[in-house]
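Below is the sequence, then the predicted model.
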Amino acid sequence: MQDTKNAMLNLMAQFGNKMKDDDKENLQQDDREYSIDELARVTGITSRNIRAYQEKGVLPPPQLRGRKGIYSNAHYSRLRLISDLLERGYTLSTISDLLNALEEGMDLRAFVGVESALTSPWTDETPVLMSIKELFEMFDNKIEEESIGKALELDLVRLEDDLEHVQVQSMRTMKAGAELVATGIPFNDLLDIIRMLRGNVERVAGELVKLVSTHVLSDYEGDSLPPSEDLPKIADLIWRLRPLAEMAVHAELARAMEKAANHFLGDRLEAIIQHMEEDKSS
DNA sequence: CTTCTAACA
DNA sequence: TGTTAGGA
């Protein structure tokens, strides 16, 4: 537990330093003004595209001086973010969604939504459509009535309009569940476990987001509120952080499982030994 | 000479 | 996205 936590903090610090370097560059040109041509030159983006981004709404319009557009380093850093995301395969409309979600406040749900909407290299899991009858058969008809509502609440399955079919959000999870049910574990109990798990994972995710935010913000002296122009940076950090979080959760879960298993087996052994001794004395 | 818009490829 | 035309 402690190791992983420290590893996370280290990585977090690395990201923090990287941000500092970026900011140093920016500080040199803190309140610098750019013409569209200068901006195009330093970002490597053609002026044509800079204007195109404005029309698409991903880049704020410049301050107008006469008929001239005056760009700031806020534009500069946003352009860098845009081209960065573009290179990673995001479409302009995805970027637009992400940016808009950010302006409305840093809500984790917004990230998840945008994330799974278009860039789904994350979850190779495509929802599978199956009839309710098939679902029941999959679990050998061992699904309790009350469990259905619970599964819907947990968004494990979504009911189709025809009321005959469901979308299984994660076939993998469902199959794993079916195997456990086949060994005699009540489906309803599994749902309870998933519910508990989800609550904790969301708590951890929230903490991670908070951690990143405070690290980034601490570079900006005042521990007040997020500078809105830096929200894209924060978002990008969180975005990069996700695989790390997944690995950490993975590792922690493995450890916890092993520990629990050992405890369980240990108890069993104790009991068995006691029985043997009782048998001996009797 | 730079910047902007619109339109077409 | 690149290019061009025409105007401020």
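It's in. Numbering: from 1, shown residues only, chains lettered A, B, ... in the order given.

Could you use CA atoms for every contact and neighbour count after this?
Will do.

Any idea which residue of the stretch 51-200 of chain A lies closest to DNA strand C?
Closest to DNA strand C within the stretch 51-200 of chain A is A:A52: 6.2 Å, counting by C-alpha to the nearest atom of the strand.

Wait, a strand at that residue?
No: assignment of A:A52 by DSSP: H, G, I helix; E, B strand; the rest coil gives helix, placing it outside any strand.

number of nearby residues for it?
13 (other C-alpha atoms under 10 Å).

mind checking how far it is from A:M138?
From A:A52 across to A:M138, the span is 51 Å (C-alpha to C-alpha, to the nearest Å).

From A:K68, how far off is the residue of the stretch 51-200 of chain A closest to DNA strand C?
17 Å.

just A:A178 next, same as before
65 Å.

more crowded one of these two?
Neighbour count, other C-alpha under 10 Å: between A:A178 and A:K68, A:A178 has more, with 21 against 11.

And the pLDDT for the more buried one?
With respect to pLDDT, A:A178 scores 92.

how about it, what does it touch?
Residues near A:A178 by C-alpha atoms under 8 Å, 6 or more residues apart in numbering: A:M138, A:F139.

and it, that one's in a helix?
Yes: under three-state DSSP, A:A178 sits within a helix.

what's the distance between it and A:N200?
A:A178 sits 23 Å away from A:N200, going by C-alpha to C-alpha.

what do you get for A:I82?
Taken as C-alpha to C-alpha, the span from A:I82 to A:N200 is 33 Å.

Pick out whichever of the two has more residues nearby.
Neighbours per residue (other C-alpha under 10 Å) separate A:I82 from A:N200, with A:I82 holding more: 22 against 12.

what sits against that one?
A:V58, A:I95.

okay, it: pLDDT?
pLDDT, read off for A:I82, is 85.

same deal with A:E258?
On pLDDT, A:E258 comes in at 80.

For it, the count of nearby residues, please.
Counted with other C-alpha under 10 Å, A:E258 comes out at 12.

And A:P60, by the same measure?
By other C-alpha under 10 Å, 15 other residues sit near A:P60.

And the pLDDT for it?
90.

my read is it is in a strand, agree?
No: assigned with three-state DSSP, A:P60 falls outside any strand and is coil.

nearest residue to it other than its sequence neighbours?
Take A:P60 and drop its neighbours on the chain: the residue closest to it by C-alpha to C-alpha, 6 or more residues apart in numbering is A:Q54, 6.1 Å away.

That neighbour: neighbouring residues, count only.
A count of neighbours around A:Q54, defined by other C-alpha under 10 Å, yields 13.

Next: A:G177.
A:G177 - counted by other C-alpha under 10 Å - has 18 other residues nearby.

my guess is it contacts A:L190, does it?
Yes: the criterion here is C-alpha atoms under 8 Å, and A:G177 meets it with A:L190 at 7.3 Å.

Do a quick rundown of the helices in chain A.
Assigned by DSSP state H, the helices in chain A fall at A:2-28, A:36-43, A:47-56, A:73-87, A:92-103, A:108-117, A:132-138, A:145-153, A:171-182, A:187-218, A:231-281.

ok, back up a step: read off the pLDDT value for the residue nearest to A:P60.
The model reports A:Q54 with a pLDDT of 94.

can I assume it is in contact with A:R48?
No: with contact defined as C-alpha under 8 Å, A:Q54 does not reach A:R48; the gap is 10.1 Å.

what's the closest non-adjacent residue to the residue of the stretch 51-200 of chain A found nearest DNA strand B?
Using C-alpha to the nearest atom of the strand, the single residue of the stretch 51-200 of chain A nearest to DNA strand B is A:G69, 3.3 Å away. Ranked by C-alpha to C-alpha, 6+ apart and with sequence neighbours excluded, the top spatial neighbour of A:G69 is A:P62, at 5.2 Å.
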